[in-house]
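Participant: Structure for this input, please:
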Amino acid sequence: MGRTPGKKSRTGRAVIERMRAEGRIRGAGEDMRFKSSTNGKWYLVEDADMAHLTDAVSYWNKRGGFFGAKAREIRTWMRDPNNYELEYYGFNRSQGAKLLETYKHPSEFIGPSEASQYFMKGL
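Facilitator: Numbering: from 1, shown residues only. All right, here's what the predicted structure looks like:
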């Protein structure tokens, strides 16, 4: 699927802008803080991970795997700022470790893929 974008990437900056507009980011520079959706407390952005709103493994197993590894649909989903929020790294990493799902192998996907949510078929 590829790497999760960083907080300083185009995607990360868009996530920060959206969260600021939602009142979930305040301050600037080294004092910039975000409000955790897990416990409602404020943390320094430097202590944040880019957290998927839908776990990447769940997306892959239910939808993304039908498009194939590193497909344009997958990369676009990974770069879509609407799929992320900032979350305290301790929460984000422990939640991921608790998932009981593992990535399906690409050969396990049978049948046609769904229509792309980002691209028109046939273009």
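Participant: hang on, residue 45 packs against residue 31?
Facilitator: No. Between residue 45 and residue 31 there is no contact under C-beta atoms under 8 Å: 9.1 Å. C-beta: built from backbone N, CA, C; applies to glycine.
Participant: what comes up buried for the longest helix belonging to the chain?
Facilitator: Longest helix in the chain by number of residues, with DSSP state H as the criterion: helix 10-21. Buried positions in helix 10-21, judged by neighbour count with 16 or more other C-beta atoms under 10 Å: 11-12, 14-16, 19.
Participant: Stretch 33-47 too?
Facilitator: Neighbour counts over stretch 33-47 (16+ other C-beta under 10 Å) mark 33-36, 43, 45 as buried.
Participant: Nearest the geometric middle of this protein, what residue?
Facilitator: residue 52 (2.9 Å; C-alpha atoms, centre = their mean).
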